[in-house]
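# 3D model of this:
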Amino acid sequence: MKAYTDLEQSKKLAKILPLESADMHYNNVSIKGVNYVDEYRAELMEYNRAIKVLSKYTINPLFGVTPCWSLAVLYSLLPEQTDISKSYSDNCETIIYWCWNSAFDIETKEYDNPVDACVEMILKLNELKML
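Next up, the predicted model:
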């Protein structure tokens, strides 16, 4: 099961959420030196701490480090009336997740993991100025 935002979701959320709320990060900074980059990878280190640690390997770590959010943090950022629901598809093998907010009567599409449902709800609530 997907446990954290992918790189594309992380970049979208970084525009609307406080960066210090990110409990993880993606980076492509290489320990080989400032003239190298690696593939982006997710790491379990808070975004602000990652900036400090990686600053010794790159001139400007802000260009190679993107905040990333775990499911636990995403869920904690949602308003109280928001829930992640799950059900089984017709064959009883696939679990389907979606988020809904009873106070605002907002529902997401169905997804095969709760992270995508939370991300969509956060984006929707932001668009509606309810986050």
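# Return the set of buried residues in the helix ranked longest in the chain.
When the chain is parsed with DSSP state H, its longest helix is helix 114-127. Of all the residues in helix 114-127, those buried under the rule 16 or more other Cβ atoms under 10 Å are 114-125. All C-beta atoms are positioned from the backbone trio N, CA, C, and that covers glycine.
# Can I get those in JSON lines including pLDDT?
What follows is these, written out as JSON lines (pLDDT from 0 to 100):
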{"residue": "114", "pLDDT": "95"}
{"residue": "115", "pLDDT": "97"}
{"residue": "116", "pLDDT": "97"}
{"residue": "117", "pLDDT": "96"}
{"residue": "118", "pLDDT": "97"}
{"residue": "119", "pLDDT": "97"}
{"residue": "120", "pLDDT": "97"}
{"residue": "121", "pLDDT": "96"}
{"residue": "122", "pLDDT": "97"}
{"residue": "123", "pLDDT": "97"}
{"residue": "124", "pLDDT": "96"}
{"residue": "125", "pLDDT": "95"}
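# Looking at these, which is nearest residue 24?
Nearest to residue 24, judged by Cβ to Cβ, of these is residue 115 at 11.7 Å.
# Show me the helices in the chain, by range?
Counting by DSSP H, the chain has these helices, from start to end: 7-14, 47-54, 71-77, 114-127.
# can I get the ones you listed in TSV with distance to residue 23?
Conversion of those to TSV gives the following (distance: least, Cβ to Cβ, whole Å):
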stretch	distance to residue 23
helix 7-14	12
helix 47-54	8
helix 71-77	5
helix 114-127	13
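# follow-up on the earlier one: what's next to the longest helix of the chain, contact-wise?
Residues outside helix 114-127 that contact it (Cβ atoms under 8 Å, 6 or more residues apart in numbering) are 1-5, 9, 12-13, 16-17, 71, 74-75, 77-79, 82, 84, 86, 97-99, 101, 104, 106, 108-111, 131.
# swap in stretch 11-20?
5, 22, 46-48, 66-67, 69, 77, 119, 122-123, 126, 131.
# Mark which of those residues are buried, thanks.
5, 22, 46-47, 66-67, 69, 77, 119, 122-123.
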